[in-house]
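**Student:** sequence plus the predicted model coming up.
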Amino acid sequence: MTEETGAGHATGTDPSRDHAALSDTFASRRYFAKFGAITQHLTRVAGVMDAEGRLSAREVGILTRHVSAISYTFRALSMKYLLAGRDTGQFFGSLQIDTVESGFPVFNELLVMANDAQQAQRHLAGMKDAQALKERMVRQIVGERELPTRLQFALSQRLYYEELVKGDLFWARNDPQALWLSGEGERRRYLLHWAVYDSQINLPTIYLMEVEDTGRTALPKDERRWPEVQAQLMGQSMGALKLVTIATAFDRYFNDLHPKRLRRFHIGPMYSHAYTRQTGPLREVLAEAGGPVGQDWALAWTIEELESERVEAEKVGWFTTAEREVFALDPFSGRGVDTGATRTERAIILPERPYQVLAEKNPAGFSNVRKFVVSPAGRVLSY
């Protein structure tokens with residue numbers, strides 16, 4: 001049985017939003033096992049970037065928490081769909097994944113999960129506890145010589161709701177938090193971080209913004225500005241918007257908050273010859289590599305970065321002026337206008353065998369893509 005078994009495609013009117021339902025138990029479990037390993041590798045990649053000085057220990061901690069939240073979300077979904085394709089006495093659906101754009105679950109899966117989390121305590125209160133369900137399963141197996149599929153389903157749903165109650169998951173919206181970096185009095189510097197699950201491309205996206213605060217009250221304690229900052233940032237957190245658009249809008253909305261640096265981390269797409277149908281060199285590399293179960297994947301990782309180059313004064317009233325940031329855009333071939341960023345770094349994370357095929361084929365466009373290669377033991381090497 002291959003990993004593709006049970007992945008039925010459901011194409012809508014828009015071919016770019018092609019989804020598949022993992023309706024086979026083995027396909028579903030292997031998919032979640034694959035992502036469980038990938039999220040572990042992501043934290044190791046962040047550690048490599050920390051060692052290189054590309055990220056600070058504080059930033060690595062933030063990214064690690066968000067990546068851990070992604071792994072908890074996948075673990076919860078794995079419990080929900082543990083018995084996908086089995087006769088449980090009722091149809092409860094199958095995990096929907098985006099096979100063309102991302103390889104991740106579709107946005108609606110996270111919306112449903114958020115709704116389930118609001119009612120998780122009530123569901124748990126009406127269920128037998130895990131130990132009682134396991135004891136009933138043993139009695140059915142030994143005494144009645146039957147597979148306790150329905151009891152297994154009940155247990156899987158209980159474990160799902162228990163994961164939701166634990167919290168710390170990656171939601172469709174993960175509101176901004178502020179960390180103090182330096183300064184007191186009239187100028188204070190904060191690191192704001194937040195994340196979204198982009199509904200257009202079905203990918204988790206993490207934002208980090210360094211802000212200088214010249215307001216009277218420290219930003220996190222400001223009852224007026226802090227809610228406005230959170231709302232403004234979440235409203236602008238769309239992958240289709242350029243970083244310079246997001247930062248400029250923020251800079252002009254708040255006269256006493258000055259965005260000095262903005263970064264956006266795109267986690268994905270995930271490529272897998274077994275599960276996804278993206279086109280291009282990576283698809284061909286994975287097909288030729290023919291990696292064993294768990295080794296047939298590649299994950300893209302993109303960092304966009306925007307930095308303030310200088311400050312200009314702008315008149316905002318009869319007697320007052322405000323500092324406005326002038327952002328540095330990529331100077332090479334005018335690409336900064338297109339990307340809206342100071343620099344963009346693209347990388348892929350993949351196992352050893354697909355990397356060997358990639359190195360041999362050396363397809364066009366990959367010379368400037370950084371490669372993080374993970375060994376079977378979990379060690380990460382950078383090329």
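**Tutor:** The structure has been received and is ready for your questions.
**Student:** count the neighbours of Val100 for me.
**Tutor:** 20 (other C-beta atoms under 10 Å). Every residue, glycine included, has its C-beta placed from N, CA and C.
**Student:** pretty sure it belongs to a strand, no?
**Tutor:** No: looking at Val100 with DSSP: H, G, I helix; E, B strand; the rest coil, it is coil, so not inside a strand.
**Student:** for it, give its distance to Trp301.
**Tutor:** 19 Å (C-beta to C-beta, to the nearest Å).
**Student:** what do you get for Glu325?
**Tutor:** With C-beta to C-beta as the criterion, Glu325 and Trp301 are 27 Å apart.
**Student:** equivalent analysis for Gly340, please.
**Tutor:** Per C-beta to C-beta, Gly340 is found 19 Å from Trp301.
**Student:** same question, Gly239
**Tutor:** With distances taken as C-beta to C-beta, Gly239 is found 14 Å from Trp301.
**Student:** confirm Asp50 sits in a strand?
**Tutor:** No: counting by three-state DSSP, Asp50 is not found in a strand; it is helix.
**Student:** end to end, how far does stretch 359-368 reach?
**Tutor:** Stretch 359-368 stretches 13 Å from its first residue to its last (C-alpha to C-alpha, to the nearest Å).
**Student:** same question for that stretch: list its buried residues.
**Tutor:** Phe366 (16 or more other C-beta atoms under 10 Å).
**Student:** count the residues that sit near Tyr31.
**Tutor:** 27.
**Student:** three-state assignment of it?
**Tutor:** Applying three-state DSSP: Tyr31 is helix.
**Student:** who's in contact with it?
**Tutor:** Tyr31 sits next to Glu3, Leu22, Leu95, Ile97, Tyr275 when contact means C-beta atoms under 8 Å, 6 or more residues apart in numbering.
**Student:** by neighbour count, which of those residues wins?
**Tutor:** Result: Leu22 is most packed of these (other C-beta under 10 Å), 27 neighbours.
**Student:** from Ile303, how far out is that residue?
**Tutor:** 30 Å.
**Student:** what's the answer for Thr320, then?
**Tutor:** For Thr320, the distance to Ile303 equals 37 Å [C-beta to C-beta].
**Student:** please say which of these two ends up with more neighbours.
**Tutor:** Counted by other C-beta under 10 Å, Thr320 and Ile303 do not tie: Ile303 has more neighbours, with 20 against 8.
**Student:** phi and psi next, for that one.
**Tutor:** For Ile303, the backbone dihedrals are phi -120, psi 120 (criterion: degrees, to the nearest 10).
**Student:** can you tell me the closest non-neighbouring residue to it?
**Tutor:** Glu345 (4.6 Å; C-beta to C-beta, 6 or more residues apart in numbering).
**Student:** what about the one you found, which SS state?
**Tutor:** strand.
**Student:** pLDDT score for it?
**Tutor:** As predicted, Glu345 sits at a pLDDT of 93.
**Student:** my read: it touches Arg370, true?
**Tutor:** Yes: the pair Glu345 and Arg370 passes the contact test of C-beta atoms under 8 Å, sitting 6.8 Å apart.
**Student:** that's a strand at Arg44, yeah?
**Tutor:** No: Arg44 is assigned helix when assessed by three-state DSSP, not a strand.
**Student:** chain neighbours aside, what residue packs nearest to it?
**Tutor:** Val380 (4.5 Å).
**Student:** burial count for the one you found?
**Tutor:** 17.
**Student:** all the helices of the stretch 151-300 of the chain, residue numbers only.
**Tutor:** 225-236, 243-253, 281-289 (DSSP state H, counting those that start in this stretch).
**Student:** mean pLDDT lowest where, among these?
**Tutor:** Among the helices of the stretch 151-300 of the chain, helix 281-289 scores lowest, with a mean of 86.
**Student:** buried sites along that helix?
**Tutor:** In terms of neighbour count (16+ other C-beta under 10 Å), helix 281-289 has its buried residues at Leu282, Arg283, Val285, Leu286, Ala289.
**Student:** likewise for stretch 139-152?
**Tutor:** For stretch 139-152, burial by neighbour count (16+ other C-beta under 10 Å) applies to Gln140, Pro148, Arg150, Leu151, Gln152.
**Student:** does anything pack onto the helix or strand where the third one lies? Which helices or strands?
**Tutor:** Element membership for Arg150 (DSSP states H and E) is helix 149-166. Counting contacts by 3 or more C-beta pairs under 8 Å, 6 or more residues apart in numbering; DSSP states H and E, the secondary-structure elements packed against helix 149-166 are helix 57-80, helix 107-118, helix 120-125, helix 130-143.
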